[in-house]
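Peer 1: Prediction below, plus the sequence it came from.
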Amino acid sequence: MEYTTLLLDMDGTFLDFGAAERSAFFRAMENNGYEADEGTYKLYSRINHGLWEAFERGEIDKQTLLFTRFGRLFESMGVEGDGAAFEKEYQLLLGEGHELMEDAWEVLEYLYKKYDLYVVTNGVEATQRSRLKISGIERFMKDIFVSEAVGYQKPQIEFFDYCFAHIDGFEKEKAMIIGDSLTSDIQGGNNAGVACCWFNPSGKERSLELRIDKEIKSLKELLQFL
């Protein structure tokens, strides 16, 4: 199949969200006078992951996710804290995180010359756009679709319906989504009926319930078939 449109996940695929998240977390904790170590960060990660899974299943909305996670963390730590106020500071710091995944710039430069590139990402609009701008990769994108602005999130079909309606001349059979998450990117691509490329650098077990058209362990592998 000859593709013309690539739908690109950002966090964990082209942007190193782990590095950005970690830096923002420890900076915000220090700024607010909380003692935090690796155990604290792992506790936050468990709380956050559970809420994101609930969000992707449509069980909670984005505001509940954002303004609950740090409140739960402080409760688990046994300390007082304003989770909503902390979240706002954390988002500002997260918006400064612009580390790229390995080979991301080189691969995007190549893809940009051959395909129409669109960002499809779950997250906070201002934070995601800030990271894309600071990293410099915004220049490669024809448009950017962030769940907060769209009103739906991956893997919901409504998110993809919105994206497709806002891409001129979109042809579903000529589109591929590239992402690292089975539950949002690949499930979303399955729901939307587009080809799916799973970025799986850590060698996670492949899901037998999902259609995965391509699987790669490094971004450079995209150059072998695109």
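Peer 2: Everything's here; your move.

Peer 1: How about the secondary structure of residue 152?
Peer 2: coil (DSSP: H, G, I helix; E, B strand; the rest coil).

Peer 1: Next, work out how far apart it and residue 62 are.
Peer 2: Computed with C-beta to C-beta, to the nearest Å, the distance linking residue 152 and residue 62 is 10 Å. For the C-beta atoms, the positions are set from N, CA and C on the backbone; glycine is no exception.

Peer 1: Residue 93 too?
Peer 2: For residue 93, the distance to residue 62 - C-beta to C-beta - is 19 Å.

Peer 1: again, but for residue 45
Peer 2: Computed as C-beta to C-beta, the residue 45 to residue 62 distance reads 18 Å.

Peer 1: go on, residue 44?
Peer 2: Here the criterion is C-beta to C-beta. By it, residue 44 lies 18 Å from residue 62.

Peer 1: The two - which one has more neighbours?
Peer 2: Neighbour tally, residue 44 and residue 62, criterion other C-beta atoms under 10 Å: the higher count belongs to residue 44, 20 against 15.

Peer 1: unless I'm mixing things up, residue 201 is touching residue 217, no?
Peer 2: Yes. Look at residue 201 against residue 217 with C-beta atoms under 8 Å: they come within range, at 5.4 Å.

Peer 1: Residue ranges of each domain in this protein, please.
Peer 2: 5-16+100-224, 17-94 (automatic domain parsing).

Peer 1: Report how many residues lie close to residue 94.
Peer 2: Residues near residue 94, counting by other C-beta under 10 Å: 23.

Peer 1: For it, give me its contacts.
Peer 2: Counting by C-beta atoms under 8 Å, 6 or more residues apart in numbering, residue 94 makes contact with 20, 21, 24, 127, 131.

Peer 1: I'd like to know how many residues surround the fourth one.
Peer 2: As a burial measure, the neighbour count of residue 127 was computed by other C-beta under 10 Å and equals 21.

Peer 1: could you say what helices and strands the lengthiest helix in the chain packs with?
Peer 2: Ranked by number of residues, the top helix in the chain under DSSP state H is helix 38-56. Secondary-structure packing of helix 38-56 (3 or more C-beta pairs under 8 Å, 6 or more residues apart in numbering; DSSP states H and E): helix 17-31, helix 62-66, helix 69-77.

Peer 1: deepest of the domains of the chain, which one?
Peer 2: Counting by mean count of other C-beta atoms under 10 Å, domain 5-16+100-224 has the highest mean neighbour count of these, with a mean of 18.

Peer 1: That domain: how far from the chain's middle?
Peer 2: Computed by C-alpha atoms, centre = their mean, to the nearest Å, the chain-centroid distance of domain 5-16+100-224 equals 8 Å.

Peer 1: and that domain, what's its mean pLDDT?
Peer 2: If you average the pLDDT over domain 5-16+100-224, you get 97.

Peer 1: Between the two ends of it, how far is it?
Peer 2: From its first residue to its last, domain 5-16+100-224 covers 17 Å (C-alpha to C-alpha, to the nearest Å).
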